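1. Using only what follows, build the 3D model:
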Amino acid sequence: MKQIIERIIESMLTVSGAITSIVILLIIVFLFKEGFGLFSSPTVEKGYSLYTNSKNGVNELGAFDIKHIFDEKITNWSKLGGADEEIMTFRFEEIFNLFPDDDLANNRELIPIRLAEVIVANPNIVAFLPQKFAPNNVKGVKELPSHTISISDFFGGKEWIPTATPAPLFGVLPLILGTLLVSIVAILIALPLGLGVAVYLSELASERMRKFMKPTIELLAGIPSVVYGFFGLVVLVPIVQKGLNLSVGETAFTGSLILAIMALPTIITVAEDAMRNTPRTMREASLALGATNWQTIYKVVIPYSASGISAAVVLGIGRAIGETMAVLMVTGNAAVMPTSLFQSVRTIPATIAAELGETPAGSSHYQALFLLGCILFIITMIISITAEVISKKQHNKGL
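-> Numbers count the residues shown, from 1 in each chain. Now for the predicted structure:
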């Protein structure tokens with residue numbers, strides 16, 4: 001009977017592990033499938049196209065060109081390889097102002113006719129129109145080809161404006177750089193503090209002090225990130241703003257400070273455990289040779305536990321890169337190329353959290369956010385593998 005129960009339990013655990021693995025695999029497949037669908041999406045908003053007069057010498061426009069035209073940063077066709085003429089932009093809703101006497105709302109069959117008249121009459125026009133009302137196959141009207149979003153547009157783009165019309169921009173470079181800037185500075189702040197506390201707990205603190213401080217530090221890791229974010233917003237943001245005389249306190253530096261605080265428990269705990277695993281015989285041998293306590297620490301203990309300390313650093317970086325709510329609340333969420341530590345930035349996790357809830361499912365914006373998730377998944381996977389390799393080196397060293 002006992003063997004039967006053990007076999008049943010073993011089978012249940014096997015099935016549970018298999019189901020878990022399959023679910024994780026399906027989640028990853030779904031994530032990448034949705035994300036890479038972005039590269040089959042058109043540069044112009046779905047359901048719309050751009051139309052010009054057939055006499056216009058410009059035959060195609062890129063996403064950045066379209067944005068700059070409708071933002072009036074490009075106002076002459078000569079800058080796009082066309083004639084030296086002023087560009088006239090036209091949006092669909094303007095048709096109702098041009099033909100107020102026609103009841104176009106109730107006579108939809110007239111809309112393509114009126115749109116064709118406008119385009120034919122204006123050789124320098126570029127019209128952003130819904131495809132269902134577009135004047136197709138009309139002499140004098142030319143539809144500009146709609147290209148798909150390219151990998152270079154996504155990874156090399158410097159503007160993240162997913163709601164721009166007629167051509168949304170999905171340049172992820174500002175988000176990646178913002179994420180790396182905040183995370184790296186956070187580690188530079190947390191690393192010396194974390195190692196200092198780890199050395200104190202492992203080598204200098206009394207047993208009573210260690211039993212008090214170790215659980216307290218580990219308790220900090222369990223505080224919800226939104227609480228850290230609220231603390232940063234209420235306490236750190238005003239201090240940074242007034243102390244550094246900035247116009248706003250929501251900056252990359254503020255995000256780095258709050259992430260450093262959040263990464264400290266991980267760094268301290270892992271590094272302290274690695275130091276305490278240093279064999280007692282090595283400490284005693286060092287002291288027996290005449291080394292002082294401090295010499296033993298930085299010439300014996302720290303070199304021996306270097307792999308564990310490195311793992312602590314890597315795990316701290318992973319915590320910083322994947323953090324969402326705290327960073328969302330204190331960095332200002334400006335999706336711009338970071339040029340200073342004291343300006344507002346936006347990170348990848350904060351972008352996903354801020355925009356996914358209001359994004360139409362299946363849209364190019366929706367797919368772009370999933371692709372951001374793919375990037376974050378790859379980064380954290382690399383960090384996790386690195387930490388695992390370093391930890392194994394430490395384990396083998398201990399053996």
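
2. was I right about residue 175 contacting residue 352?
-> No - look at residue 175 against residue 352 with CB atoms under 8 Å: they stay out of range, at 9.6 Å. Where C-beta positions appear, they are placed from N, C-alpha and C, glycine not excepted.

3. Now do residue 378: how many residues are near it, please.
-> 11 (other CB atoms under 10 Å).

4. Which helix or which strand is home to it?
-> helix 364-398 (DSSP states H and E).

5. Does residue 349 touch residue 331 like I think?
-> No - assessed by CB under 8 Å, residue 349 is found out of contact with residue 331, at 10.8 Å.

6. Which one of these two is surrounded by more residues?
-> Using other CB under 10 Å, the more surrounded residue of residue 349 and residue 331 is residue 331, with 29 against 21.

7. Skip the chain neighbours and tell me the closest residue to that one.
-> residue 255 (4.0 Å; CB to CB, 6 or more residues apart in numbering).

8. That neighbour falls within a strand, correct?
-> No - assigned with DSSP: H, G, I helix; E, B strand; the rest coil, residue 255 falls outside any strand and is helix.

9. you'd agree it is up against residue 182?
-> Yes - with contact defined as CB under 8 Å, residue 255 reaches residue 182; the gap is 4.5 Å.

10. Now list whatever residues contact both of these two.
-> The contact sets of residue 255 and residue 182 overlap at 327, 331, 345, 347 (CB atoms under 8 Å, 6 or more residues apart in numbering).

11. Could you find the closest non-adjacent residue to the third one?
-> It refers to residue 345. Closest to residue 345 by CB to CB, 6+ apart is residue 178, at 3.6 Å.

12. Got the phi and psi for residue 85?
-> The phi and psi values for residue 85, taken as degrees, to the nearest 10, are phi -140, psi 150.

13. Quick check, it in contact with residue 124.
-> Yes - using CB under 8 Å, residue 85 is in contact with residue 124, at 4.6 Å.

14. the more surrounded of the two?
-> residue 124 (17 against 14).

15. give the contact list for that one.
-> With contact taken as CB under 8 Å, 6+ apart, residue 124 is in contact with 53, 56, 77, 83, 85, 86, 87, 88.

16. Show me where the stretch 1-150 of the chain dips below the pLDDT cut-off.
-> Along the stretch 1-150 of the chain, no part satisfies pLDDT under 70.

17. What segments of it are helices?
-> 2-36, 63-70, 95-98, 110-121 (DSSP state H, counting those that start in this stretch).

18. wait, residue 128 sits on residue 167?
-> No - using CB under 8 Å, residue 128 is not in contact with residue 167; the gap is 9.1 Å.

19. which residues are common contacts for those two?
-> Taking CB under 8 Å, 6+ apart as the criterion, residue 128 and residue 167 both touch residue 44.

20. Neighbour count: the two, which is higher?
-> Taking other CB under 10 Å, residue 128 and residue 167 do not tie; residue 167 has more neighbours (25 against 22).

21. which residues does that one contact?
-> With CB under 8 Å, 6+ apart, residue 167 has these contacts: 43, 44, 45, 63, 66, 67.

22. Looking at the residues you listed, point me to the pair that's furthest apart.
-> Pairwise distances among the contacts of residue 167 were taken by CB to CB; the largest, 11.7 Å, belongs to 45 and 67.

23. about what we covered before: what do residue 85 and residue 124 both touch?
-> Taking CB under 8 Å, 6+ apart as the criterion, residue 85 and residue 124 both touch residue 77.

24. The nearest residue to residue 308 once chain neighbours are set aside and residue 320: what is the separation?
-> In space, not counting the residues next to it along the chain, residue 308 is nearest to residue 274; the distance is 2.2 Å by CB to CB, 6+ apart. From residue 274 across to residue 320, the span is 20 Å (CB to CB, to the nearest Å).

25. which strands and helices sit next to the helix holding residue 378?
-> helix 2-36, strand 169-170, helix 306-322, helix 348-355 (3 or more CB pairs under 8 Å, 6 or more residues apart in numbering; DSSP states H and E).

26. Reformat those as TSV; add distance to residue 377.
-> Shown next, in TSV, are these (distance: least, CB to CB, whole Å):
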stretch	distance to residue 377
helix 2-36	7
strand 169-170	18
helix 306-322	10
helix 348-355	10
